[in-house]
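In: Structural data only, the sequence is not supplied:
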């Protein structure tokens, strides 16, 4: 096989792989807050699949902070069309004082109701 044949064989697969990666990296994402009770412990996270991730928190499928503190109540979620924007927003929220996060939740969900059942 000549070098030209190798390049023409490898490049389309490489381009398709890069295109799939680029499409995934540009997909939307969710920033969310989990808690264990109204005005309880807070966890800020980001995910590309809100329903799956909330289910993982509820069932304790993944070890970590939310499982250790029994954070199963989804009290806040916001969608971003680009996952990179969601990641930036998550990082900003994580640095906010606790009261600001509580105010954000209360502005959108004053009763701190579990939003899990509203996920489609």
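Out: Thanks, I have it. Remember, it's a predicted structure, so these values are computed and weren't measured experimentally.

In: residue contacts, residue 60?
Out: Contacts here follow Cβ atoms under 8 Å, 6 or more residues apart in numbering; on that basis residue 60 touches residue 67. Backbone N, C-alpha and C define where each C-beta goes, glycine included.

In: Tell me which residue is most central in the protein.
Out: With distances taken as Cα atoms, centre = their mean, the residue of the chain nearest its centroid is residue 47 (1.8 Å).

In: Could you find the closest non-adjacent residue to that one?
Out: By the measure of Cβ to Cβ, 6 or more residues apart in numbering, the closest residue to residue 47 outside its immediate chain neighbours is residue 53, 3.9 Å from it.

In: how near is that neighbour to residue 36?
Out: 17 Å (Cβ to Cβ, to the nearest Å).

In: quick one on the thing from earlier: shouldn't the residue nearest to residue 47 be within a helix?
Out: Yes: counting by DSSP: H, G, I helix; E, B strand; the rest coil, residue 53 is found in a helix.
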